[in-house]
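Student: Got a sequence here, can you model it:
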Amino acid sequence: MIKFVHHTVWAFDAEWTPDPLAGRMLYNLDEDLTDAQVLAEMWKQGGATEENPTPYLKTALCRFISIAAVVRRQHQDGTITVTLMSLPEEVADTQAPYAKEDAVLSRFLQGVGEKKPQLVGYNSISADIKAMLQRGIIRGMHQPKFAHRPNKPWEGVDYFARGGDWHVDLKEVVSGWGQFTPSLHEMATLSGIPGKMDVAGDQVPQMWLDGRLADIVAYNEFDALTTYLLWLRMVHFSGHFDGATYQNEQNLVRALIEREGAQKPHLLAYLQQWERLTKMTTA
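Tutor: Residues are numbered from 1 along each chain as shown. The predicted structure is shown next:
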């Protein structure tokens, strides 16, 4: 199921939106069109209907807005630290250099390539990592450390081997057939972990057009926390953590949320929802 827990784990999630530049280039659109008008045409070309006006577009046509990760480190003395990483770190301006796709994506890929963590995601093999590869290539990035693959599985870290141990896609672990595969929201909520709260993924493009970068990053952080907590539960299920260790690992996340909550009040709302669901599952 899950073969090992590395001393460094990044449970991550990413948010993206249709890229206006991609729309202008692919469909030869007038440069005077607004970004909102370009996105409307992209959705039209992507098969929009009255029932589904914003269909899911190919990820190559989308730009990354935010990437968040819960970072777990086991130090040489055995102590565990849990931190929250969010890109971009500043959220005041969607047009600032730090909010550009190149800055967000290259920092994440460079960090993964240098730190070599065990990656954990939900639908990350088919979606997140493939989208990062597509956009990295499209943007002309140079990421040899991230892209490196060993000649043999036991000779190094490989993020691209399906069924490998360095990139754990929780969806693949629990997947069924088609409609029987649970979403992250379903799997988490039924486990007593917050799933989607006030925002859903299909709202992100409009939030981006409205300049609500802070709200997108907050939503991204929620999903990263949810992915990490679900990973903890699955690691406990698979025998890597006993009951006491699992409880301690959850306490570290609570401490993280309380610590960060002073500057990020939305995290305290996440904690409140977590406590409510926990009570329901233990009643």
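Student: Break down the protein into its strands, ranges please.
Tutor: Assigned by DSSP state E, the strands in the chain fall at 8-18, 62-74, 80-87, 118-121, 167-169.
Student: what residue ranges in this protein score low on pLDDT?
Tutor: Judged against pLDDT under 70, the chain has no low-scoring part.
Student: quick one: buried residues of the longest helix seen in it?
Tutor: In terms of residue count, the longest helix belonging to the chain (DSSP state H) is helix 213-237. By neighbour count with 16 or more other CB atoms under 10 Å, helix 213-237 contains the buried residues 213, 215-236. Backbone N, C-alpha and C define where each C-beta goes, glycine included.
Student: rewinding a little: between the strands of the chain, which one is nearest to Pro265?
Tutor: Nearest to Pro265 among the strands of the chain is strand 80-87; the distance by CB to CB comes to 14.2 Å.
Student: partners of the closest one, with directions?
Tutor: In the sheet, strand 80-87 lines up against strand 62-74 (antiparallel) (DSSP bridges).
Student: And the strand it pairs with, what's buried?
Tutor: By neighbour count on 16+ other CB under 10 Å, the buried set for strand 62-74 is 62-73.
Student: what do you get for stretch 184-201?
Tutor: By neighbour count on 16+ other CB under 10 Å, the buried set for stretch 184-201 is 184-185, 187-189, 191-197, 199.
Student: Among these, pick out the one closest to Gln45, please.
Tutor: For the buried residues of stretch 184-201, the residue nearest Gln45 by CB to CB is Val199; the value is 25.7 Å.
Student: quick one, what contacts the closest one?
Tutor: Residues near Val199 by CB atoms under 8 Å, 6 or more residues apart in numbering: 207, 215, 219, 222.
Student: Touching, the third one and Ala14? I think so.
Tutor: No: assessed by CB atoms under 8 Å, Tyr219 is found out of contact with Ala14, at 11.3 Å.
Student: Can I get stretch 37-51 in CSV? Just the C-alpha atoms.
Tutor: Taking Å, rounded to 0.1, in the frame of the first residue of the first chain, the C-alpha atoms of stretch 37-51 are listed here in CSV:
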residue,chain,number,x,y,z
GLN,A,37,-13.4,37.5,-22.6
VAL,A,38,-10.4,35.3,-23.5
LEU,A,39,-11.3,32.8,-20.9
ALA,A,40,-14.9,32.8,-22.1
GLU,A,41,-13.7,31.9,-25.6
MET,A,42,-11.4,29.2,-24.2
TRP,A,43,-14.3,27.6,-22.4
LYS,A,44,-16.4,27.9,-25.6
GLN,A,45,-13.7,26.1,-27.6
GLY,A,46,-13.5,23.5,-24.8
GLY,A,47,-17.1,22.5,-25.2
ALA,A,48,-19.0,24.9,-22.9
THR,A,49,-22.7,24.3,-22.5
GLU,A,50,-25.5,26.0,-20.7
GLU,A,51,-25.3,23.3,-18.0
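Student: Please enumerate residues in contact with it?
Tutor: Outside stretch 37-51, the residues that touch it by CB under 8 Å, 6+ apart are 17-18, 20, 22-24, 26-27, 29, 33, 53-58, 61, 205, 209.
Student: Could you give the number of residues near the closest residue to Gly201 other than its chain neighbours?
Tutor: Take Gly201 and drop its neighbours on the chain: the residue closest to it by CB to CB, 6 or more residues apart in numbering is Glu15, 7.5 Å away. A count of nearby residues for Glu15, using other CB atoms under 10 Å, gives 22.
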